[in-house]
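In: Fold the following and give me the result.
(2 chains)
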Amino acid sequence: MKIATWNVNSLKVRLPHLLDWLAATQVDVVCLQELKCEDKSFPLAEIEAAGYRAVFNGQKTYNGVAILSRSEITDVVRNIPGFDDEQRRIIAATVNGVRVVCGYFPNGQAVGSEKFEYKLRWLTALTDWLRAEMAVHAKLVLAGDYNVAPEDRDATPEWHDEIHVSVPEREAFRALLALGMTDAFRMFDQAEKSYSWWDYRMMAFRRNVGLRIDHLLVTDALKGEVKSCVIDKAPRKLERPSDHAPVIVELGG
DNA sequence: ATGCCACGAATATCGTGA
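Out: Numbers count the residues shown, from 1 in each chain, chains lettered A, B, ... in the order given. As a prediction, the model looks like this:
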């Protein structure tokens, strides 16, 4: 089973890319972020025609997450239970016995800002909820745009802003690992300067000036099934791309 | 310091968020 995560930065604009990519990769499950569309505008017919079911948690203009799957989707949860939040950033569901949690983590804007404080509060709430979720679902994948580059090797040397690489954000990432999860990408040898996001400006993609902020964490019960984990840069090379590339983990056994 | 992009309000550009 292949599970992917992709921040599409507007599902409406990126739908042709997504449909082409689904046909090309044949992934079983895709977690999407930054839909930027309300549920009533979700392109369900096109996605179903491509052979996928979908559950989604959208809002106007900002945020919005979805899980697409070729097989049955059950036990859907929207948003972090008990965490009062207008922003649609979480959807979770079970597919083929695997709990899939799709998250669009807050950007945080700048260290010390109000949005940064919200990011840290949100991360704490997510961690507390996942502790409980993992107690019920041993096999769990946390997929999404974390807006955190966990280590120095995950950030281009040209990155001088603190946001995405600050100590509190990295501590929050490690707190997720400490629940009993592993970064699937780092289970394998990877090229140096492997990134999943590049700013649209300054020819950042061509110069490979980016960050690795899109991740797939797997619980210990799933770790033994992980066969590969790759960043697929192909969609980032197309006309009118998302600023993020999809990341794919392959589970077997 | 910044050049991009998507969106909505408004109807040309501009503010917001990323």
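In: Please identify the residues of the stretch 101-250 of chain A in proximity to DNA strand B?
Out: Taking C-beta under 7 Å from any atom of the strand as the test, the list of the stretch 101-250 of chain A residues beside DNA strand B reads A:106-107, A:109, A:115, A:199-202, A:240, A:243. In this view, the C-beta of every residue, glycine as well, is placed from N, C-alpha and C.
In: Apply 10 Å and report the result again.
Out: Along the stretch 101-250 of chain A, the residues adjacent to DNA strand B under the rule C-beta under 10 Å from any atom of the strand are A:104-110, A:113-116, A:118-119, A:145, A:147, A:158, A:160-161, A:163-164, A:197, A:199-205, A:213, A:239-244.
In: In contact with the closest residue to A:L11 other than its chain neighbours, which residues?
Out: Excluding the flanking residues, the one nearest A:L11 by C-beta to C-beta, 6 or more residues apart in numbering is A:L35, at 4.3 Å. With C-beta atoms under 8 Å, 6 or more residues apart in numbering as the criterion, the residues that contact A:L35 are A:8, A:10-11, A:42, A:56, A:58, A:63-66.
In: Buried among those residues? Need that as a selection in PyMOL.
Out: This is how PyMOL selects the buried members of those, with burial counted by 16 or more other C-beta atoms under 10 Å:
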select buried, chain A and resi 8+11+42+56+58+63+64+65+66
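In: Which of the contacts of A:L35 fall in strands?
Out: Residues of these located in strands (DSSP state E): A:56, A:65-66.
In: Please settle this for me: is the residue nearest to A:L11 part of a helix?
Out: No. Secondary structure assignment places A:L35 outside any helix; it is coil (DSSP: H, G, I helix; E, B strand; the rest coil).
In: Quick check: the gap between it and DNA strand B.
Out: With the distance defined as C-beta to the nearest atom of the strand, to the nearest Å, A:L35 ends up 9 Å from DNA strand B.
In: Might one say that A:C31 is in contact with A:I73?
Out: No. If you go by C-beta atoms under 8 Å, A:C31 and A:I73 don't touch, sitting 11.8 Å apart.
In: So for those two, which sits in the more crowded spot?
Out: Taking A:C31 and A:I73 together and counting by other C-beta atoms under 10 Å, A:C31 has the greater number of neighbours (31 against 20).
In: follow-up on the earlier one: just the buried members of the residues of the stretch 101-250 of chain A next to DNA strand B?
Out: Among these, those that count as buried by neighbour count (16+ other C-beta under 10 Å) are A:104-106, A:108, A:116, A:118-119, A:145, A:147, A:163-164, A:197, A:204-205, A:213, A:241-244.
In: overlap in contacts of A:C31 and A:I73?
Out: With contacts taken as C-beta under 8 Å, 6+ apart, A:C31 and A:I73 have A:I67 as neighbours in common.
In: picking that back up, out of the residues of the stretch 101-250 of chain A next to DNA strand B, list just those in strands.
Out: Secondary structure assignment (DSSP E) places A:104, A:145, A:197 from those within strands.
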